[in-house]
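Peer 1: Next input, structure requested:
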Amino acid sequence: MSKSTQLHWKIAFCLWFAVVTTATHVPAMQKSENPIFISPDKMFHFVSFGVLAMTFWSTGWIKQKRTVVCLLLFWALIDEITQALLPLDRPFSTADLTASMLGIVSAASWMGNLSLPKLLVMQKKVDMLLSRTFTWIVLCPVAIVGTVSISIVIWKFLWKTYLVSYAPLSLCLGLLITAAVLLAIVSKWARCLENELIKKILPKILVLAIFALAAGFVTSAIEVGSYTIGLSVFTIGSARIWRAAIIDNSTCETM
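Peer 2: Model (predicted):
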């Protein structure tokens, strides 16, 4: 990874770390008796700490994945403890901590997947793309505004249709759609994904999505949230599918 790309990742990590730490330490708002919008709090924890893990890993400050994961799991615990110790009217939440840790572990499943020796050509293309400041100026607003906008549109549609606040579902779909758009943009700009590889993994991804939905349904009674657990299953599973496809594709090419 070039120094320019690492610098961008370091800036992204520092900014996101400040945002997440500030957001988790804002005094709790008084809950309404009949809330129209129910905050997808567990999903926020999952996404926030997942992104934090990926950006921290990408800074290159620490090379060992286990060390990165252990440090962030420890920080998630400290973050939750300080919320309870400070006069913020925020109790220690095991569910919030679990969601944060699931986000870190899910992100860890992708750590190093793009650094496989078999992906040297792709690495160089993506690195060249991310070394440009303009790329980050485009991708960051797309990631943030896209996720928020799509989630709001889906939530409003579901609220008007069913009169139920499906905030976790809306955020989950917003994240997945935005992630797909970002992947398409990066692939187009860097010209790094082969159509044959996409065709190979797409059916498996669809099967995985069904399995993730089933996992979320089975665990719907757990406080962490069915969508948080389902998204964890989907993220970890897709990382394994991607890795297996890359290794299999490389094996076929050498035969």
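Peer 1: Can you verify my assumption that G103 contacts K42?
Peer 2: No - the criterion here is CB atoms under 8 Å, and G103 misses it with K42 at 9.7 Å. The C-beta positions use only the backbone N, C-alpha and C, and glycine is treated the same way.
Peer 1: So for these two, which residue has more residues nearby?
Peer 2: Using other CB atoms under 10 Å as the criterion, G103 and K42 rank with G103 on top: 29 against 26.
Peer 1: Next, that one: phi, psi?
Peer 2: When read as degrees, to the nearest 10, the backbone of G103 gives phi -60, psi -40.
Peer 1: and the lowest-mean-pLDDT helix or strand in the chain, what does it pack onto?
Peer 2: Every helix and strand in the chain was compared by mean pLDDT, DSSP states H and E; the lowest is helix 226-254, with a mean of 79. Applying 3 or more CB pairs under 8 Å, 6 or more residues apart in numbering; DSSP states H and E, one finds that helix 226-254 makes contact with helix 41-58, helix 94-108, helix 167-190, helix 195-218.
Peer 1: Next, the angle from it to helix 94-108.
Peer 2: In terms of direction (axes from the mean of the first three to the mean of the last three CA atoms, to 10 degrees), helix 226-254 departs from helix 94-108 by 10 degrees.
Peer 1: Run the angle between helix 226-254 and helix 167-190 for me.
Peer 2: 30 degrees.
Peer 1: buried residues in stretch 211-223?
Peer 2: Residues of stretch 211-223 classed as buried: A212, A215, G216, T219 (neighbour count, 16 or more other CB atoms under 10 Å).
Peer 1: what's the spacing between the last one and I150?
Peer 2: In this structure, T219 and I150 are separated by 25 Å, where distance is defined by CB to CB, to the nearest Å.
Peer 1: likewise the first one?
Peer 2: As judged by CB to CB, A212 and I150 stand 19 Å apart.
Peer 1: Quick check: closest non-adjacent residue to I241.
Peer 2: Setting aside the residues directly before and after it, I241 is nearest to K204 in space (CB to CB, 6 or more residues apart in numbering), at 4.9 Å.
Peer 1: Number of residues surrounding that neighbour?
Peer 2: For K204, the tally of surrounding residues (other CB under 10 Å) stands at 16.
Peer 1: Look at the closest residue to T94 other than its chain neighbours and report its pLDDT.
Peer 2: Computed as CB to CB, 6+ apart, the closest residue to T94 that is not its neighbour in sequence is E223, at 7.9 Å. In this prediction, E223 carries a pLDDT score of 84.
Peer 1: sec struct for E223, please.
Peer 2: Under DSSP: H, G, I helix; E, B strand; the rest coil, E223 falls in the coil class.
Peer 1: can you start the count at 16 instead of 1 from here on
Peer 2: With 16 as the first residue, the last one maps to E238.
Peer 1: was I right about it contacting A110?
Peer 2: Yes - proximity of E238 to A110 meets the contact threshold set by CB under 8 Å, at 4.1 Å.
Peer 1: okay, and the common contacts of these two?
Peer 2: When contacts are counted by CB atoms under 8 Å, 6 or more residues apart in numbering, E238 and A110 have K57 as shared neighbours.
Peer 1: From S166, how far out is M58?
Peer 2: 10 Å.
Peer 1: Overlap of the contact sets of those two?
Peer 2: A182, L186.
Peer 1: show me the contacts for S241.
Peer 2: P183, G231, F232, T234, S235.
Peer 1: neighbours of the residue lying closest to A68 once chain neighbours are set aside, just the number please.
Peer 2: Nearest residue to A68 in three dimensions, chain neighbours excluded: A122, at 3.8 Å (CB to CB, 6+ apart). Counted with other CB under 10 Å, the neighbours of A122 add up to 26.
Peer 1: hang on, isn't A122 packed against G65?
Peer 2: Yes - between A122 and G65 a contact is recorded at 4.3 Å, counting by CB under 8 Å.
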